[in-house]
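In: What would the 3D arrangement of this be:
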Amino acid sequence: MNLPPNANSSQIKSYNLQDVDTMCRGNKDSIFKMIEVFIDQIPKFIEELNTAFSDNDVSKIKNEVHKIKPTVHFFGAFNLKEQLLVIDEKTVDELGEIDLKHTVKNINLYASEVINELKNDYKIN
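Out: Sure, this is the predicted structure:
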């Protein structure tokens, strides 16, 4: 398997696997398995987030975001992480002060972008 390096890409990626590579000690099979798990888990998170948003369950939104944030950080998906932090750094009461609909929409957009790039770069269906 040939893993495309982020640094040599002519296009800026929405992810960076440097931390994943370090943790896996460069083992390409382990990196690939972690990518597959990420691709499997992020849509489940998005589904839970969207359900919580539809239900206007701000506490659940905050809990879901808090759970997934370390994984997103680990995969170097910093645009996605930035949107998660908009929610994670607020108290439940403060979340009413932000445009939650806009933030959730951005989370959906950035999550899709990262997943699509990973699928394309690593030939995962």
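
In: Would you map the helices across the protein?
Out: Taking DSSP state H, the helices of the chain run over residues 18-23, 28-54, 58-74, 78-88, 100-121.

In: Reformat those helices into a markdown table and put mean pLDDT and distance to residue 12 next to each item.
Out: C-beta here means a position set from N, CA and C on the backbone, and glycine is covered the same way. Shown next, in a markdown table, are the helices of the chain (pLDDT from 0 to 100; distance: least, CB to CB, whole Å):
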| stretch | mean pLDDT | distance to residue 12 |
| --- | --- | --- |
| helix 18-23 | 97 | 14 |
| helix 28-54 | 97 | 18 |
| helix 58-74 | 95 | 17 |
| helix 78-88 | 96 | 10 |
| helix 100-121 | 96 | 10 |
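
In: Return the most buried member of those.
Out: helix 78-88 (a mean of 19; mean count of other CB atoms under 10 Å).

In: Convert that helix to PDB, retaining C-alpha atoms only.
Out: Taking Å, rounded to 0.1, in the frame of the first residue of the first chain, the C-alpha atoms of helix 78-88 are listed here in PDB:
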ATOM      1  CA  PHE A  78      -8.200  21.400  12.000                       C
ATOM      2  CA  ASN A  79     -11.000  23.100  10.200                       C
ATOM      3  CA  LEU A  80     -13.400  20.500  11.600                       C
ATOM      4  CA  LYS A  81     -11.800  20.800  15.100                       C
ATOM      5  CA  GLU A  82     -12.100  24.600  15.000                       C
ATOM      6  CA  GLN A  83     -15.900  24.200  14.500                       C
ATOM      7  CA  LEU A  84     -16.100  21.600  17.300                       C
ATOM      8  CA  LEU A  85     -14.300  24.000  19.600                       C
ATOM      9  CA  VAL A  86     -17.000  26.700  19.000                       C
ATOM     10  CA  ILE A  87     -19.400  24.300  20.800                       C
ATOM     11  CA  ASP A  88     -17.000  22.600  23.200                       C
END
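
In: closest to residue 11 out of the helices of the chain?
Out: Taking CB to CB, helix 100-121 is the member of the helices of the chain nearest to residue 11, at 8.9 Å.
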